[in-house]
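J.: Here is a sequence with its predicted model. Questions after.
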Amino acid sequence: MINNRSKYLWIAIIILLLFLWSKREDIYFFFQPRPSAETLDFNRSAASSEPRPLVVSADEEINTKVFEKVHPSVVNIATTTLSMNFWLEVIPREGQGSGFIIATKGYILTNNHVVAKAQKITVTMANGEKIPATLVGRDPASDLAIIKIPSRHIDVVATLGNSDKIRVGQKAIAIGNPFGLSHTLTTGIISALNRGIRTRDGHRIDDLIQTDAAINPGNSGGPLLNSSGEVIGINTAIYSLSGGYQGIGFAIPINHAKYVATQLITSGRVARPWLGITGIPLSPGLAEGLGLETRQGVLVVKVVPGGPAYQAGLRGGRREVIIGGMRLLLGGDIITAIDNQEIHGMKQMLDLISKLKVGETVTLGIIRDDRSMELEVFLAERP
């Protein structure tokens, strides 16, 4: 009995010694005094060695230079809108977005959906200064807006580039205020061009820039930049199933934004040209069914009385037919070209017209009763 107890005692002692041996560093640290700062290796090496040069890659250098150049012109925009709750009580709601200064007179370019219906607009500058802003004009169709602050607050103006020169694969840099985090920089590339999306209020925006630079709520209205720090687009929307960044963002090309901004600043609205017609694209199948020799173009269904096309003598349909359950007027002119550029469908024709200006005259190539002819149309403003 005694021998068994002794054996168990020795086993316990051995286990205890092994445990203490495994914890020897902790035991030693517990009984030793804390070291002084001078005895720490990283402090001794920092004091004794010469400073090493900081290695910065070319890509990092671009990011840093672009941010330092542009970020003073980027602003945070906070808005207050008023709405009514179930009990008809007026409730203020806060919103936020981004924008950037485009002129020394204090004009700031942003998205329409950032400032739409806002009763109060406050701009926060890069130095933290908060300034009340006034709405100059907004254009829901392009989702662009101009606001203004006093010129005395302007130190840096963003440099606007040429969005017609960008190519897929080029570097893209976004600066904005995602989730209210002021002046955040993200990078990526130009993922695609000529994308089209539909906004929340039903407007369709085409020819957008797609990028994988991180864009989140609050980035809207901020600049998309190239490696030279030039603005090539205005960040406006994301494709997301979660509401946050998923690698697909869209920006309005700066060339189109400059055209819209000019009109908003000078007149407070955007004047868009129109022909004043409704039509349908002429497909080979439809042309064959109607016995037409022409296989492409826009078949004019109706001409708006008093509109530009009406005054130029364009003719709409005169006989009513039902095609695929749709009631249409056929027999009108067929538009085949605009200023000698062939027309393949209604969207292409509308895109070409949208790039022209009110007051310009265009030449329509048409087919009437199997005869080719041309009409001069003076473009008026869309009512």
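T.: Happy to help now that I have it.
J.: for the strand ranked longest in the chain, what is the average pLDDT?
T.: Secondary structure of the chain per DSSP state E: the longest strand is strand 184-198. What strand 184-198 shows for mean pLDDT is 88.
J.: downstream neighbour of it in the secondary structure list?
T.: strand 204-211 (DSSP states H and E).
J.: Neighbouring strands - and their directions - for that next one?
T.: Its sheet considered, strand 204-211 pairs with strand 184-198 (antiparallel), strand 249-253 (antiparallel) by DSSP bridges.
J.: residue ranges with poor pLDDT in the stretch 1-150 of the chain?
T.: 1-3, 45-52, 82-94 (pLDDT under 70).
J.: same thing but at 50, please
T.: Along the stretch 1-150 of the chain, segments meeting pLDDT under 50 span 90.
J.: now the strands for it?
T.: Listed in chain order, the strands of the stretch 1-150 of the chain (DSSP state E, counting those that start in this stretch) span 74-84, 90-101, 107-111, 120-124, 130-139, 144-148.
J.: Save those as a markdown table, and put in distance to Leu292 too.
T.: Just so you know, the C-beta spots here come from the backbone N, C-alpha and C atoms, and that holds for glycine as well. As requested, the strands of the stretch 1-150 of the chain are arranged in a markdown table below (distance: least, C-beta to C-beta, whole Å):
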| stretch | distance to Leu292 |
| --- | --- |
| strand 74-84 | 53 |
| strand 90-101 | 50 |
| strand 107-111 | 44 |
| strand 120-124 | 54 |
| strand 130-139 | 39 |
| strand 144-148 | 41 |
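J.: Mind checking those for the one nearest to Ala312?
T.: Ala312 lies closest to strand 130-139 among these, at 27.4 Å (C-beta to C-beta).
J.: can I have that closest one written out in CSV, keeping just the CAs?
T.: These are the backbone C-alpha positions of strand 130-139, laid out as CSV (Å, rounded to 0.1, in the frame of the first residue of the first chain):
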residue,chain,number,x,y,z
LYS,A,130,-18.9,73.7,-43.1
ILE,A,131,-20.5,76.1,-45.6
PRO,A,132,-24.2,76.5,-46.6
ALA,A,133,-24.7,75.9,-50.3
THR,A,134,-27.4,77.0,-52.8
LEU,A,135,-28.8,74.9,-55.6
VAL,A,136,-28.0,76.4,-59.0
GLY,A,137,-29.8,73.8,-61.1
ARG,A,138,-30.3,70.1,-61.5
ASP,A,139,-31.1,67.7,-64.4
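J.: got the buried residues for it?
T.: 133, 135-139 (16 or more other C-beta atoms under 10 Å).
J.: shaky segments in the stretch 251-383 of the chain?
T.: Across the stretch 251-383 of the chain, nothing is flagged by pLDDT under 50.
J.: Would you confirm that Ala309 contacts Gly276?
T.: Yes - Ala309 is within contact range of Gly276, at 4.8 Å (criterion: C-beta atoms under 8 Å).
J.: residues shared between the contacts of the two?
T.: Val303 (C-beta atoms under 8 Å, 6 or more residues apart in numbering).
J.: Those two: which is more packed in?
T.: It is Ala309, of Ala309 and Gly276, that has more neighbours when counted by other C-beta atoms under 10 Å, with 25 against 21.
J.: On the three-state scheme, that one is what?
T.: Look at Ala309: counting by DSSP: H, G, I helix; E, B strand; the rest coil, its state is helix.
J.: any idea how far the longest helix seen in the chain is from the chain center?
T.: Secondary structure of the chain per DSSP state H: the longest helix is helix 2-22. Its chain's average C-alpha position is 73 Å from that of helix 2-22, according to C-alpha atoms, centre = their mean, to the nearest Å.
J.: And the contacts of that helix?
T.: The contact list for helix 2-22 (C-beta under 8 Å, 6+ apart) reads Ile27.
J.: list the buried ones in that helix?
T.: So, applying 16+ other C-beta under 10 Å, helix 2-22 has no buried residues.
J.: Dump the strands paired with strand 204-211 to JSON lines, plus mean neighbour count and distance to Gly316.
T.: Below are these laid out as JSON lines (neighbours: other C-beta atoms under 10 Å; distance: least, C-beta to C-beta, whole Å):
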{"stretch": "strand 184-198", "mean neighbour count": "16", "distance to Gly316": "28"}
{"stretch": "strand 249-253", "mean neighbour count": "25", "distance to Gly316": "34"}
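J.: For those strands, give me CSV that also has distance to Val75.
T.: Shown next, in CSV, are the strands paired with strand 204-211 (distance: least, C-beta to C-beta, whole Å):
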stretch, distance to Val75
strand 184-198, 13
strand 249-253, 17
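J.: Compare the ones you listed and give me the one nearest Asp59.
T.: strand 184-198 (8.2 Å).
J.: Show residues contacting the closest one.
T.: Under C-beta under 8 Å, 6+ apart, the answer for strand 184-198 is 63, 66-67, 71, 166-178, 204-215, 219, 237, 239, 248, 250.
J.: relative to strand 74-84, how tilted is that strand?
T.: Taking axes from the mean of the first three to the mean of the last three C-alpha atoms, to 10 degrees, one finds strand 184-198 and strand 74-84 inclined to each other by 50 degrees.
J.: mind checking how far strand 184-198 is from the chain centre?
T.: The answer for strand 184-198 is 7 Å, by C-alpha atoms, centre = their mean.
J.: Kindly export that strand (C-alpha atoms) in PDB.
T.: Provided in PDB are the C-alpha atoms of strand 184-198 (Å, rounded to 0.1, in the frame of the first residue of the first chain):
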ATOM      1  CA  THR A 184     -11.600  58.300 -48.900                       C
ATOM      2  CA  LEU A 185      -9.500  57.100 -51.800                       C
ATOM      3  CA  THR A 186     -10.100  53.900 -53.600                       C
ATOM      4  CA  THR A 187      -8.500  52.500 -56.800                       C
ATOM      5  CA  GLY A 188      -9.200  50.200 -59.600                       C
ATOM      6  CA  ILE A 189      -9.400  50.200 -63.400                       C
ATOM      7  CA  ILE A 190     -11.800  51.200 -66.100                       C
ATOM      8  CA  SER A 191     -13.700  47.900 -66.500                       C
ATOM      9  CA  ALA A 192     -15.900  48.800 -69.400                       C
ATOM     10  CA  LEU A 193     -17.400  51.600 -71.400                       C
ATOM     11  CA  ASN A 194     -20.700  52.600 -72.900                       C
ATOM     12  CA  ARG A 195     -22.800  50.900 -70.200                       C
ATOM     13  CA  GLY A 196     -26.400  51.900 -69.600                       C
ATOM     14  CA  ILE A 197     -28.500  51.900 -66.400                       C
ATOM     15  CA  ARG A 198     -32.000  53.000 -65.300                       C
END
